[in-house]
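1. Okay, here's the prediction I keep looking at, along with the sequence it came from:
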Amino acid sequence: MRTVGTRIDEVTGERRQLINVAYRLLGSVTEAEDAVQDAYARWYGLPRSRQEEILSPGAWLTTVTSRICLDLLGSARARREHYVGAWLPEPLPDRTEWDHAGGADPIGPADPADQIVLDESVAMAFLVVLESMTPAERVAFVLHDVFRYPFAEVADVLDRTPAACKKLAASARRRVSVARAPVTATGQADVVRQVKEAWETKDIAALVGLLNPAAVMTADGGGMVGTALRPVEGGARIAQYMVAIADKAPGLELLERSVNGVPGLVAQRAGVVVTVASFDVSGGRVTRIWAVRNPEKLRPWAREG
């Protein structure tokens, strides 16, 4: 028979998994944390007798968290219609590669960003494709294809039959197939490093050579900072735009950093992170750039050393 202490450990031990599920469903560290906190509040709000009836607290918490995320995804679509410019997911840092200089303490395990496993399912290209799905498709696909939950459990979340959930996941799978082209971290790092060097030297010709002619750059400033409100299309236009930014922002420092688990660039000014850029690379050239400038989405980067 499980003791009360064992039961509590079992429940609290699910937090990391729940944060991982919620971030992939919502694309936001802050909203993921809120969803998980809400799920825990509902658990602890249950009478003790009801808690004891639940054989798997982890499964219960996953179901409740996923339902909360499903509701949030529905309302998010309405909110984003009023969002200024393009909306991009929150970029994730990899704190293990950072040197917290100056005696600063690293952020402890309570920080939700530290608990998210960095794999291909959090790559920016992947998350952007998830944004194109219906809420039900996204939940079915993430729970089944990413976290391997059986369709019977997904059906409980979506209140649909397992067969219907299987169809939703299949539809979602067709959308993401093009977003999973394998790119080695080393190959991407080399290209990103060359982009950094060309950007720092304002070498438009070099940038054009590194960008696919059909490349697209999307920026997210959330109406809080200046940025392009519409995607910039074409390698030549993107190169000119990047150099124009460098001209307008003297003292901008570019750093090579892992962004959502793959090589990217972070721009700092006076020690403050102002932009986090993710890249999609194919055939040795950059095909997509996602630049997050909304300060509210850069909070996990605030302790970068």
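-> Looks like it came in fine. Residues are numbered from 1 along each chain as shown.
2. low-scoring pLDDT stretches of this structure, where are they?
-> Across the chain, residues meeting the criterion (pLDDT under 70) sit at 1-7, 95-111, 178-185, 303-305.
3. and it, what are its domains?
-> With automatic domain parsing as the criterion, the domains of the chain are listed as 4-85+133-177, 185-301.
4. Would you format those domains as CSV with mean neighbour count and distance to L118 included?
-> Using the backbone N, CA and C atoms, a C-beta is placed for each residue, glycine as well. Below are the domains of the chain laid out as CSV (neighbours: other CB atoms under 10 Å; distance: least, CB to CB, whole Å):
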stretch, mean neighbour count, distance to L118
domain 4-85+133-177, 17, 10
domain 185-301, 18, 3
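5. mind checking how far W43 is from L61?
-> Counting by CB to CB, to the nearest Å, the gap from W43 to L61 is 6 Å.
6. helix, strand or coil for K166?
-> helix (DSSP: H, G, I helix; E, B strand; the rest coil).
7. how about it, what does it touch?
-> By CB atoms under 8 Å, 6 or more residues apart in numbering, the contact set of K166 is A140, F151.
8. any idea how far P150 is from it?
-> Distance of K166 to P150, computed by CB to CB: 10 Å.
9. For Q17, what is the enclosing helix or strand?
-> Element membership for Q17 (DSSP states H and E) is helix 15-26.
10. Now D220. Its backbone dihedrals?
-> phi -120, psi 110 (degrees, to the nearest 10).
11. Would you confirm that it contacts T227?
-> Yes - the pair D220 and T227 passes the contact test of CB atoms under 8 Å, sitting 7.4 Å apart.
12. any residues in contact with both of the two?
-> Joint contacts of D220 and T227 (CB under 8 Å, 6+ apart) are G85, A291, R293.
13. Just the residues you listed: which are in strands?
-> A291 (DSSP state E).
14. Find residues that contact each of W43 and L61.
-> V11.
15. got the contact list for R48?
-> R48 sits next to no residue when contact means CB under 8 Å, 6+ apart.
16. swap that for V276, sorry
-> By CB under 8 Å, 6+ apart, V276 lies in contact with P91, R257, V259, G264, L265, V266, A267, A291, V292, L298, W301.
17. how near is it to K297?
-> Using CB to CB, one obtains 8 Å as the distance from V276 to K297.
18. so what sits against both of the two?
-> Joint contacts of V276 and K297 (CB under 8 Å, 6+ apart) are P91.
19. out of the domains of the chain, which comes closest to E120?
-> Closest to E120 of the domains of the chain is domain 185-301 (CB to CB; 7.4 Å).
20. roughly how far out does that closest one sit from the chain middle?
-> Relative to the chain's own centre, domain 185-301 is displaced by 17 Å; criterion: CA atoms, centre = their mean, to the nearest Å.
21. Likewise for stretch 139-157?
-> Offset of stretch 139-157 from its chain centre (CA atoms, centre = their mean): 19 Å.
22. ok, and what's touching that stretch?
-> Residues outside stretch 139-157 that contact it (CB under 8 Å, 6+ apart): 20-21, 24-25, 59, 62-63, 66-67, 69-70, 73, 121, 130, 133, 158, 161-166, 168-169, 172-173, 176.
23. got it, and stretch 60-68?
-> Contacts of stretch 60-68 with the rest of the structure, by CB under 8 Å, 6+ apart, involve 11, 14, 17-18, 21-22, 25, 35-36, 38-40, 42-43, 54, 139, 143, 149, 153, 156-157.
24. contacting residues for D280?
-> Here D280 is in contact with M124, A125, V183, V286, T287, R288, I289 (CB under 8 Å, 6+ apart).
25. Those residues: which two are farthest apart?
-> V183 and I289 (14.4 Å).
26. measure stretch 214-228 end to end?
-> End-to-end distance for stretch 214-228, by CA to CA, to the nearest Å: 18 Å.
27. Please apply the same query to stretch 286-298.
-> End to end - CA to CA - stretch 286-298 spans 23 Å.
28. same check, this time on stretch 45-54
-> Taking CA to CA, the first and last residues of stretch 45-54 lie 14 Å apart.
29. cool, stretch 75-89 as well?
-> 16 Å.
30. same thing with stretch 51-61?
-> Its first and final residues considered, stretch 51-61 spans 11 Å by CA to CA.
31. Equivalent analysis for stretch 214-232, please.
-> Its start and end residues considered, stretch 214-232 measures 10 Å (CA to CA).
32. Can you check which helix is longest in the protein?
-> For the chain, the longest helix by residue count, based on DSSP state H, is helix 57-80.
33. next SSE after it?
-> Using DSSP H and E, the helix or strand that follows helix 57-80 in sequence is helix 124-131.
34. The helix or strand immediately after that next one in the chain: how far from the chain's middle?
-> Using DSSP H and E, the next helix or strand after helix 124-131 towards the C-terminus is helix 135-141. Remark: helix 135-141 is offset 16 Å from the chain centroid, using CA atoms, centre = their mean.
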